[in-house]
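>>> Requesting a structural model of the entry that follows:
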Amino acid sequence: MAKKSILDDNSELYKIQKKKTEKEKLRDLTPKGKVTYLWEYYRIQAFGVILAIAIIIYIAYQIVTPNIDTQFYAAIINNTIDNEIMEEVRNDFSEALQLNPETETITFNTSLYLGNSVEYNASNATSRQVLTTYVAAQEVDVIIAPESEFKTYAYNGYFDRISSQLPTDLYTKLSDHFYFSDMEDDPEKNVYGIYLTDTELYSNNAVNTDPYIIGIIANGEHKDNSIEFIRYLFDIHP
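Predicted coordinates for the structure are as follows:
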């Protein structure tokens, strides 16, 4: 005779446990529980989908947006000229170079303040680091700065000798405006800058008593446009 089980044949222990579907699991949860469940089990997949969408949007943006090449970059230290005037000059010089505004541009960086004033101490280090980084990356073509700041960059070898860059006609006409300096590794004084005091832009708009000087960066990539900018400032044409 078979031994009678203590448990009833219909006991839950004998029922085959049927695995619930995801839909059934969610149906049995409270609204808060549903949110917690979905976040716990599907957040990685959600992040993957969002990342994939972001990559697709970025690629599509890069395809439809034309690359704009900077054809001239002027780093202007301690600028005192109104930004609206500088923007007019930027647009006018861009037209003078006959650039295509859809694919080419020029940049005037007027955000660099390197003075010794206490109020600028916090930003001095940042501005110097930014300028040094841009020059090292060959993004800067010319530096315009007050003489007190310009001489430091000239001494440290940032600039080309003007005699090696300017064509004869321009060199001759600007000889009275030359800035002479020695370099750390070359004690002989040479022309590394041009005073802008007599240009219309600086004589009529700059409020700093320290004269401004322009120098052509030694590793700049747009030497021809740098020369054209000097012609533009002094209104000297070949």
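>>> Excluding sequence neighbours, find me the nearest residue to the spatially most central residue of the chain.
In the chain, the residue lying closest to the centroid (CA atoms, centre = their mean) is Tyr134, at 8.3 Å. With sequence-adjacent residues excluded and distances taken as CB to CB, 6 or more residues apart in numbering, Tyr134 is closest to Val140, at 5.0 Å. C-beta coordinates here come from the backbone N, C-alpha and C atoms, glycine included.
>>> just checking, that neighbour touches Leu131?
Yes - the pair Val140 / Leu131 is scored as a contact, 7.4 Å apart, by CB atoms under 8 Å.
>>> Overlap in contacts, these two.
Ala75 (CB atoms under 8 Å, 6 or more residues apart in numbering).
>>> Looking at the two, which has the bigger crowd around it?
Neighbour comparison, Val140 and Leu131: the larger count goes to Val140, with 26 against 20 (by other CB atoms under 10 Å).
>>> ok, how many other residues are close to Asp92?
Neighbour count for Asp92, taken as other CB under 10 Å: 11.
>>> what's the distance between it and Asp185?
Using CB to CB, to the nearest Å, one obtains 38 Å as the distance from Asp92 to Asp185.
>>> ok, now Ile216?
Using CB to CB, Ile216 is found at 19 Å from Asp185.
>>> the more surrounded of these two?
Ile216 (26 against 8).
>>> Which residue ranges of the protein form strands?
All strands of the chain, identified by DSSP state E, fall at 69-77, 104-112, 142-146, 178-183, 186-195, 212-216.
>>> Now mean pLDDT and distance to Pro167 too, for those, in JSON lines please.
Shown next, in JSON lines, are the strands of the chain (pLDDT from 0 to 100; distance: least, CB to CB, whole Å):
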{"stretch": "strand 69-77", "mean pLDDT": "96", "distance to Pro167": "17"}
{"stretch": "strand 104-112", "mean pLDDT": "94", "distance to Pro167": "21"}
{"stretch": "strand 142-146", "mean pLDDT": "97", "distance to Pro167": "16"}
{"stretch": "strand 178-183", "mean pLDDT": "91", "distance to Pro167": "15"}
{"stretch": "strand 186-195", "mean pLDDT": "90", "distance to Pro167": "14"}
{"stretch": "strand 212-216", "mean pLDDT": "98", "distance to Pro167": "13"}
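>>> will you turn these into a markdown table that also has distance to Ser203?
Listed next are the strands of the chain as a markdown table, based on distance: least, CB to CB, whole Å:
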| stretch | distance to Ser203 |
| --- | --- |
| strand 69-77 | 16 |
| strand 104-112 | 18 |
| strand 142-146 | 14 |
| strand 178-183 | 17 |
| strand 186-195 | 11 |
| strand 212-216 | 10 |
